[in-house]
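[1] Show me how the following folds:
(chains A, B, C and D)
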2 protein chains.
Amino acid sequence: MQEERRLAVLRAIVQDYVATEEPVGSKALVERHGLNVSPATVRNDMAALEEEGYLTQPHTSAGRVPTDKGYRLFVDRLGAVKPLSVAEKRAIASFLDGAVDLDDVVSRSVRLLSQLTRQVAVVQYPVLSRSTVRHVEVVALAPDRLLVILILSTGRVEQRVVDLDADLPDDDLARLRSRLNLSVTGEVIGAAVTALGDLAAADEPHDAATAAVVQVLVDAMSDHRSDERVAVGGAANLARYGDSFDSAVRPLLEALEEHVVLLQLLGEASASGTVTVRIGAEGPIEEFASTSVVTTGYGPHDDALATLGIVGPTRMDYPGTMAAVRAVSRYVSRILDES
Amino acid sequence: MQEERRLAVLRAIVQDYVATEEPVGSKALVERHGLNVSPATVRNDMAALEEEGYLTQPHTSAGRVPTDKGYRLFVDRLGAVKPLSVAEKRAIASFLDGAVDLDDVVSRSVRLLSQLTRQVAVVQYPVLSRSTVRHVEVVALAPDRLLVILILSTGRVEQRVVDLDADLPDDDLARLRSRLNLSVTGEVIGAAVTALGDLAAADEPHDAATAAVVQVLVDAMSDHRSDERVAVGGAANLARYGDSFDSAVRPLLEALEEHVVLLQLLGEASASGTVTVRIGAEGPIEEFASTSVVTTGYGPHDDALATLGIVGPTRMDYPGTMAAVRAVSRYVSRILDES
DNA sequence: GCTTGGCACTCGACGTCTCGGAGTGCCAGG
DNA sequence: CCTGGCACTCCGAGACGTCGAGTGCCAAGC
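    Modelled structure (predicted):
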């Protein structure tokens, strides 16, 4: 009974604080929400909630502010999922539908997410390791210089130049090309690497050109750089961190340019469908200890190829943000499904 | 004589102001620089310089601060070029040498520039229009679905998928492929577009597949999106704008995410070799009216394919920044030359 | 036993005021 | 034309008082 009201109080405080960005007092609370009790009662509840660690006071005789623990409780038990408006859904769909290639999909998603949530959006490019090989192309730039192109099912294209020790005749090139495609087309990256190893090993007499091309392909497939690509957008929203600035935003901006750090941030993320919320110091990265991170996986066929999400102040509209992240993830997955 | 000293005073004021970020007074000036005159004399000079519009006072009885016009004079006539240290040059070279492809070159350049200058760096991707076609590849994903890949001399790769109305036999595909390459390989983009037009027109009997592929290639070549790519780095340096924040940095951050705006910023830029400095409101873009932009062209064979540069407060170390921008541009050009 | 109104208390935000110092402009003398 | 001196201006920091929001606690009421 009282327990129930306490939770209602906590919910109300979180909502008010998110809206006003100012510590909220007992009187304002009972007025703005239809709590049928007096401020004094609310004060008692607030004292209890503070005792349990869900609230703090910036200073004596100021209003209360939720702690990380308070937000956590709110997200876990109190945050009713806030469905997006029809207009928003339509906006998402039409905004993403115009995308022409993978880069475009990612960059549009980032912009969309940051605009919907008014936070910093982060979208990881689909990871290489789970995608399949669509095609391998080998082109002679010069008799002793080849361009190797690797096309993946996610739409990603990797290309490398190979310098040979000796000229390679055209029909050898054609043979190499078809042998490569026979062995790797349609395979998952991991299997393709193995297949390439077999192909090179089976190569008798040992051919330097084949070995070189295979080497480059294996490199490209296992190249971690490709897994590490992320897009960031809406950094301007950091400027809304009205208070503490130089101290708080500078390191954040720096961290946002460190893609490795960002991947760590996204990395632990969940399977498609569930939205993960990491509040304050729950995350592994020091720079983001005073922010919250809302992420989810995405990818075709409910197969989480990568992660996308947003970074914002712990003081954020969790239900709305979670809804937006989930919606964008779904639409992006659908787009990837189609292509 | 006096004229000469006045310029020396202006130079000293610019240097001191850049270093200390505080309005500089007459007394401090004579002490810090070896001016063999009294503060009173300097005051007279300062008054004259203010009269001519090179200096202002934030308020009566504060020190002087250079105006945009003052910076302009400094850059044009007073800024001795500050050569980079050997260590810096070596750092540039080794940092850029590890790059494996075009994306990598650009992203490394951006990071390098922002670190060297401690400003926000902006690097435009080499524009499509001046590069030449290295190769065109057409791959059948399905009998009625083609992947068209366009490889340019700058290392850029564009790829598009074409859906056909009817299946295309393999040897027709091979014929199409070789015809395409015959007509466009080695050509400058502009010429390639014309050649493609001719090829399609000469196509008798009219072939839907050829027409579709040609169309897609022409699209890719004239696609402005490709020309509009820019990379931005070092946005965290904006946080050093100690003073006015929410008012000043927010719109800047937003503008930095608008690549179209950035291109406008870089767009008017100079040929390779000369460094362009745009101070304050000299630029065309409102958001950047209180910043300076230092740019230069870059590209292989002294052929300016694109522009790179930095954006920073008008109060910046111009000689150092210009040197860094020029140096990076040279090294990047050299890298592009080699590949 | 929970709720409520009352009351004294705390503490930051804000405006006013004062004071010191840095810097200037000007003038008269070298 | 330079220089030292001098009066003046004005910003910024600190001290101070006031105000109001908000709290904690207590005794009374349901």
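[2] Give the burial count for A:Ser107, as a bare number.
    Burial of A:Ser107, expressed as a neighbour count using other Cβ atoms under 10 Å in any protein chain shown, amounts to 16. The way it works is simple: take the backbone N, C-alpha and C, and place the C-beta from them, glycine included.
[3] What does the pLDDT read for it?
    According to the per-residue confidence, A:Ser107 scores 91 in pLDDT.
[4] Looks like it contacts A:Val230 (just checking).
    No: in this structure, A:Ser107 is not within contact of A:Val230 by Cβ atoms under 8 Å, at 11.5 Å.
[5] who does the top helix by length along chain A touch, helix- and strand-wise?
    Identified as the longest helix of chain A according to DSSP state H is helix A:318-338. Judged by 3 or more Cβ pairs under 8 Å, 6 or more residues apart in numbering or on different chains; DSSP states H and E, helix A:318-338 is in contact with helix A:86-97, helix A:102-117, strand A:275-279, strand A:291-298, strand A:306-313.
[6] Go again with 6 Å.
    Other elements packing on helix A:318-338 under the criterion 3 or more Cβ pairs under 6 Å, 6 or more residues apart in numbering or on different chains; DSSP states H and E are helix A:86-97, helix A:102-117, strand A:275-279, strand A:291-298.
[7] so what's A:Arg111 up against?
    Under the criterion of Cβ atoms under 6 Å, 6 or more residues apart in numbering or on different chains, the contact list for A:Arg111 reads A:Gly233.
[8] Next one: it from A:Val100, what distance?
    In this structure, A:Arg111 and A:Val100 are separated by 15 Å, where distance is defined by Cβ to Cβ, to the nearest Å.
[9] where does the stretch 51-200 of chain A have low pLDDT?
    For the stretch 51-200 of chain A, applying pLDDT under 70 flags the ranges A:128-129.
[10] Just say helix, strand or coil for the residue in it positioned nearest to DNA strand C.
    Using Cβ to the nearest atom of the strand, the single residue of the stretch 51-200 of chain A nearest to DNA strand C is A:Ser61, 3.1 Å away. Assigned state for A:Ser61: coil (three-state reduction, DSSP: H, G, I helix; E, B strand; the rest coil).
[11] Name the nearest residue to A:Arg156, sequence neighbours excluded.
    With Cβ to Cβ, 6 or more residues apart in numbering or on different chains as the criterion, A:Arg156 has its nearest non-adjacent residue at 5.9 Å, and that residue is A:Leu102.
[12] these two touch, right, that neighbour and A:Leu152?
    No: because the distance of 9.2 Å does not satisfy Cβ atoms under 6 Å, A:Leu102 is recorded as not touching A:Leu152.
[13] if we can go back for a sec, how far off helix A:86-97 does the longest helix of chain A point, in degrees?
    Going by axes from the mean of the first three to the mean of the last three Cα atoms, to 10 degrees, helix A:318-338 is angled at 40 degrees with respect to helix A:86-97.
[14] Return the distance of helix A:318-338 from the chain's centre.
    11 Å (Cα atoms, centre = their mean, to the nearest Å).
[15] ranges for the helices of chain A?
    Across chain A, reading from the start of the chain, the helices by DSSP H fall at A:2-20, A:26-32, A:39-51, A:68-73, A:86-97, A:102-117, A:170-184, A:189-201, A:208-222, A:224-227, A:249-257, A:259-267, A:318-338.
[16] Whether stretch A:46-54 contacts DNA strand D - can you check?
    Yes: in terms of Cβ under 7 Å from any atom of the strand, part of stretch A:46-54 sits within range of DNA strand D, namely A:46-47, A:50.
[17] Output that stretch as CSV, restricted to C-alpha atoms.
    Coordinates of the C-alpha atoms in stretch A:46-54 are reproduced here as CSV (Å, rounded to 0.1, in the frame of the first residue of the first chain):
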residue,chain,number,x,y,z
MET,A,46,11.0,10.7,-0.2
ALA,A,47,13.0,10.4,3.0
ALA,A,48,12.5,6.7,2.9
LEU,A,49,13.4,6.4,-0.8
GLU,A,50,16.6,8.4,-0.1
GLU,A,51,17.3,6.1,2.8
GLU,A,52,17.2,3.2,0.4
GLY,A,53,19.4,4.9,-2.1
TYR,A,54,17.0,5.8,-4.9
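[18] which residues touch the residue nearest the centre of chain A?
    Computing the C-alpha centroid of chain A and ranking residues by Cα atoms, centre = their mean puts A:Leu308 first, at 2.0 Å. With Cβ under 6 Å, 6+ apart as the criterion, the residues that contact A:Leu308 are A:123, A:298, A:329.
[19] any idea which of these is the one closest to DNA strand D?
    Nearest to DNA strand D, judged by Cβ to the nearest atom of the strand, of those is A:Ser329 at 38.1 Å.
[20] check contacts around the closest residue to that closest one other than its chain neighbours.
    Once flanking residues are discounted, A:Ser329 sits nearest to A:Tyr298: 4.2 Å by Cβ to Cβ, 6+ apart. Under the criterion of Cβ under 6 Å, 6+ apart, the contact partners of A:Tyr298 comprise A:272, A:308, A:329, A:332-333.
[21] Recalculate using a threshold of 10 Å.
    The contact partners of A:Tyr298, taken as Cβ atoms under 10 Å, 6 or more residues apart in numbering or on different chains, are A:109, A:123-124, A:126, A:269, A:272-273, A:304-309, A:325-326, A:328-336.
[22] what does A:Ala40 give?
    For A:Ala40, the residues meeting the contact criterion (Cβ under 10 Å, 6+ apart) are A:26-27, A:30.
[23] so how far is DNA strand C from A:Val311?
    Here the criterion is Cβ to the nearest atom of the strand, to the nearest Å. By it, A:Val311 lies 27 Å from DNA strand C.
[24] Quick one: residues contacting that residue.
    If a contact means Cβ under 10 Å, 6+ apart, then A:Val311 has A:117, A:119-122, A:232, A:234-235, A:237-238, A:252, A:255-256, A:262, A:265-266, A:278, A:283, A:288, A:291-295 as its contacts.
[25] Mind checking which of those are buried?
    Judged by neighbour count, with 16 or more other Cβ atoms under 10 Å in any protein chain shown as the criterion, the buried members of the contacts of A:Val311 are A:117, A:119-122, A:232, A:234-235, A:237-238, A:252, A:255-256, A:262, A:265-266, A:278, A:283, A:288, A:291-295.
[26] Restricting to those, which residues neighbour chain B?
    If you filter the buried ones among the contacts of A:Val311 for contact with chain B, counting by Cβ under 10 Å from any Cβ of the partner chain, you are left with A:232, A:234-235, A:237-238, A:252, A:255-256.
[27] Residue numbers of the stretch 51-200 of chain A in contact with DNA strand C?
    A:59-62.
[28] where's the residue of chain A found nearest DNA strand D relative to A:Glu31, distance?
    The minimum distance from chain A to DNA strand D, using Cβ to the nearest atom of the strand, falls at A:Gly25 (2.7 Å). Taken as Cβ to Cβ, the spacing of A:Gly25 relative to A:Glu31 amounts to 10 Å.
[29] A:Ala235 versus the closest residue to A:Glu254 other than its chain neighbours, what's the distance?
    In space, and not counting its chain neighbours, A:Glu254 is closest to B:Ala236: 4.2 Å by Cβ to Cβ, 6+ apart. Distance of B:Ala236 to A:Ala235, computed by Cβ to Cβ: 9 Å.
[30] now A:Leu164
    When A:Leu164 is compared with A:Ala235 (using Cβ to Cβ), they lie 45 Å apart.
[31] domain parsing for chain A?
    Described in terms of automatic domain parsing, the domain architecture of chain A consists of the residue ranges A:2-76, A:86-127+A:228-338, A:131-225.
[32] Looking at those, spot the one closest to B:Thr132.
    Taking Cβ to Cβ as the criterion, B:Thr132 comes closest to domain A:131-225 out of the domains of chain A, the separation being 12.3 Å.
[33] List the contacts of A:Ala28.
    Contacts for A:Ala28 (Cβ under 10 Å, 6+ apart) come out as A:12-13, A:16, A:20, A:22, A:39, A:42, A:63.
[34] what's around the residue of the stretch 51-200 of chain A closest to DNA strand C, how many residues?
    Applying the criterion other Cβ under 10 Å, we find 6 residues in the vicinity of A:Ser61.
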